[in-house]
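Visitor: when you get a sec, could you give me coordinates for this:
(2 chains)
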Amino acid sequence: MKFLFLLILSFILMQTELKAQELKCETAGELMSSNASLQEFQTICQQLVNSDPACLRIVPENRLNCDKGQDSNRLLSSEDILSKVGQCLKGFLWDSLADLGGMIVDLISTLVDVQIKSVKSMAKFLVDDDFRNDALKKLQKSGGEGSKLAMDFLRMASAYFSQEFTRNLYDNDFNLMAALGKTLFEPLVKMLTNAVEGIAHHYISEYQCLNGVAKSNTICKAVGSLVMPPTAIFAFLKGGKAALVALEATSAGKAAVMTSRASFSKLNHLKAASNLSDAERLTEAAKLLGDSKLSKQQMDAIIEAHKIGIADGRGFYTYTQADIAKKARILREAGFDPAQTRLLMERGITGTFANPNTTSLANSARVQAQSWGLAIGKASERGADITSDMAKYKSAYKEAAENYTLSADIAKNPLILKMGWESAAKAGDVPGAIAAYKKGIDAFGMNTDKMLQGVSQDIAALQKRAHASPKDPMLALELKTMKEVEAKLKAELRPAIPMVAKPAIPIAAPTVPKIKSVDDVSPREARDIANRMRLDRNPEEASKYYLKASTKQDFSDTNFLNAFDESLKGNGTIASQIISTSKKNYRELNKFVNEMFEREMHNTRDPVRKANLRRILEDIENTPSRERGLYNPQESMLKTMLKWTKD
Amino acid sequence: MNILTLLIVTILFASQAWSLSPIPTFIEKPNIGFVDNYYDEARSIALSRMASDFDFQDLTPENVKELDKVHDTKREFGKMFGFHDWKVTAQKLIEKDFGRVLLFEGSYLNNKKQKVNFLEVYWANGKSSRQFLLTSEKSLLKLDQFQEYFIP
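Guide: Sure, this is the predicted structure:
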């Protein structure tokens, strides 16, 4: 009898195993998107978490929980979608956006642009993932025309929503969630969270190996800055993965991805392939290739390829094309086939992080601090208690300051150091800010007088802003810190004048190095001169040199953006010149509006900068709409920004 | 000649103003996305204005029949956007010197199950076009009175 029971049991288990194999899930991502039953999920999950290199890099407590089903390993399980959103996504998705209603209407407007023909399918498009993906595929193939009726439906629906949303907002004491209403809230949250997950999964291969709690923790704390900006979500909803590839190709996109990956690694204590010893590296390579016997030549090749670029301070995301080609050649010459070579490189076996504790971590902390800053701004407007948020804000800025100061040393870049003392001042960290300023003098040879002059100018600017916003606790903190920093720096760097004056020593007039004209310098030289001028607070001149340094002459080029940025601090001449050129190319203009919306709104308080920006935006607004060719979301961004600049 | 030119310009501006401007009792409210919002507090009427893809030729009696298809969709999917039981009680297409106007009068239930009256206005004059939505929980919105809400 016992034997018969065991026979049946082993038969059932074998069937499950066979079924599980039939599912052919080779990665956690495939498993999570499959229709596996609970038993199948548990069987495959156990195999994957112990073999998928992406899962092995995740610490065990954050890995997929194989004892439970798919649903509990999701970011939002279907049962608790409302409560979890309240806990997790609220901070980023809702509070980080000035107006949730605006985002939804913009989202609808984006879908209008997608131009699905049937009116009914337009609505289905909004709530049904499979339908949307199919429709997008068909649309990309056909490049089809839209239906005016479908557009009418969505436009009018937006208007009804807009009015109901406003009514509910007043009735529910400005509670966004309540104002949204369950009927619109659920399908939209599902749609948005699916998009958020899609983006996170695309950029971070280990994401799908996380269990539900770790996913929610990760999205809330680490990759929010990457996936939450509406531009990323809109791009993904409209263009799928191709749009994400395009987004990463832009400098802003690349920086966001790098920051998010670094934050992800830190938050999940990722056992990065970069941290493996040589022996561990070879074991992991063998496991990855499913071949435990690597030849001596292959083992040497893996270690040799791993070392390429390290000496020059390069790592993941900063390798040059030559580094990558060299790594691939070494592996191929050792007998690895193209697929194996790609696998070894993609999984990070032959790479490393340049500096695990560099600017990217600092940027990530700064983004965190900014999001706390937004929360504090809103809370203090309501008169709510901000003690806890303020502590988080200060702690995030302190972390950013420490990492900036550290990475300035590594990168030998005084601009990063400047970010260090600015972040320390925002954190209220007087010793940290003083240390960063002194490092500027000791390690970068900055001029003491100029530095003190800069501190005084910063204080004057802060006083102006504090006068305009007397209730802003963050400004008050920054101002207080800077005043203390100034007093201490003066005391340390300018000792009291001795009572008996020493006889004057004739000093030869300082020789001022002549700066080459912008027409006589190479782009590289132009960038160096521009960087110096930026530090010397000569924005309009810096802007000219940055423009010369820009090889692409479009907004995907950092130097081009810097030229625009510096000019906004100055008299705005170059910025206006850039825009009058960009207006001839509607794609560039759309990019510009996006960029400004992301960068300037809520961050810029400097009245000069705001006034310059306003002039430029008005210039765009005065261009006939057919000529400017802005898409609906960008038109809306333009309007919102104009309104903001006039506040 | 000068007076004539002035007259033409005035008429032109007047028609443009009508097309774009709600009467001054409507106070501008924050715009949500691409929707401009206004509110008349005394009469509790909300007014939204947005761009339209319908041009003058779309607003003909034949083409208006096409718009009926959208009614089914509003009834079926409106609840996603906060309006249920959407009903049209009257509709009219008119042609005046300022262009063609298509009007729908009706009501719906909002998420709190309150009855809301609405008036949808589609306007096109050959050069530009707009869509408007007026709603109110208190006032009746009659299509024959639609000109009361815009600067004449």
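
Visitor: low-confidence ranges, chain B, go.
Guide: B:1-20, B:30-34, B:69, B:73, B:76-77, B:80-82, B:152 (pLDDT under 70).

Visitor: list the contacts for A:I376?
Guide: Listed by CB atoms under 8 Å, 6 or more residues apart in numbering or on different chains, the contact set of A:I376 reads A:386, A:389-390, A:393, A:473-474. Glycine gets a C-beta too; all of them are placed from N, C-alpha and C.

Visitor: help me confirm that B:A46 is found in a helix?
Guide: No - B:A46: not assigned to a helix; according to DSSP: H, G, I helix; E, B strand; the rest coil it is strand.

Visitor: doesn't B:Y38 make contact with it?
Guide: Yes - using CB atoms under 8 Å, B:A46 makes contact with B:Y38 at a distance of 7.4 Å.

Visitor: can you tell me which helices and strands the lengthiest strand in chain B packs against?
Guide: Using DSSP state E, we find that the single longest strand of chain B is strand B:83-96. Helices and strands touching strand B:83-96, by 3 or more CB pairs under 8 Å, 6 or more residues apart in numbering or on different chains; DSSP states H and E, are helix B:61-77, strand B:99-110.

Visitor: single out the most deeply packed of the ones you listed.
Guide: Counting by mean count of other CB atoms under 10 Å in any protein chain shown, strand B:99-110 has the highest mean neighbour count of the helices and strands packed on strand B:83-96, with a mean of 20.

Visitor: touching chain A at all, it?
Guide: Yes - counting by CB under 8 Å from any CB of the partner chain, chain A has neighbours in strand B:99-110: B:108, B:110.

Visitor: how about residues contacting the helix or strand following that strand?
Guide: Helices and strands here follow DSSP states H and E; after strand B:99-110, the next one along the chain is strand B:115-124. Strand B:115-124 has contacts (CB under 8 Å, 6+ apart) with A:156, A:160, B:19, B:52, B:54-56, B:58-59, B:83, B:98-110, B:129-137, B:139-143, B:146.

Visitor: go again using 6 Å as the cut-off
Guide: B:54-56, B:59, B:99-108, B:110, B:130-137, B:140-141, B:146 (CB atoms under 6 Å, 6 or more residues apart in numbering or on different chains).

Visitor: relative to A:K552, how far out is the nearest residue to A:S582 once chain neighbours are set aside?
Guide: Closest residue in space to A:S582, ignoring its immediate chain neighbours: A:E588 at 4.3 Å, by CB to CB, 6 or more residues apart in numbering or on different chains. According to CB to CB, to the nearest Å, A:E588 and A:K552 sit 11 Å apart.

Visitor: now do A:A322
Guide: 21 Å.

Visitor: report pLDDT for A:A235.
Guide: For A:A235, the model assigns a pLDDT of 70.

Visitor: what sits against it?
Guide: By CB under 6 Å, 6+ apart, the neighbours of A:A235 are A:243, A:247.

Visitor: let's see 8 Å
Guide: With CB under 8 Å, 6+ apart, A:A235 has these contacts: A:243-244, A:246-247.

Visitor: can you list the buried residues in the one helix or strand A:R329 maps to?
Guide: Using DSSP H and E, the element containing A:R329 is helix A:321-333. Across helix A:321-333, burial judged by 16 or more other CB atoms under 10 Å in any protein chain shown covers A:323-324, A:326-328, A:330-331.

Visitor: identify the farthest-apart pair in those.
Guide: Spatial extent of those (CB to CB) is set by the pair A:D323 and A:L331 at 12.9 Å.

Visitor: ok so the residue nearest to A:S582 is a helix residue?
Guide: Yes - the assignment for A:E588 (three-state DSSP) places it in a helix.

Visitor: now the helices and strands packed on strand B:83-96 in a markdown table, with distance to A:T481?
Guide: Listed next are the helices and strands packed on strand B:83-96 as a markdown table, based on distance: least, CB to CB, whole Å:
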| stretch | distance to A:T481 |
| --- | --- |
| helix B:61-77 | 54 |
| strand B:99-110 | 50 |
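
Visitor: right, so of these, which gets closest to A:L561?
Guide: helix B:61-77 (41.8 Å).
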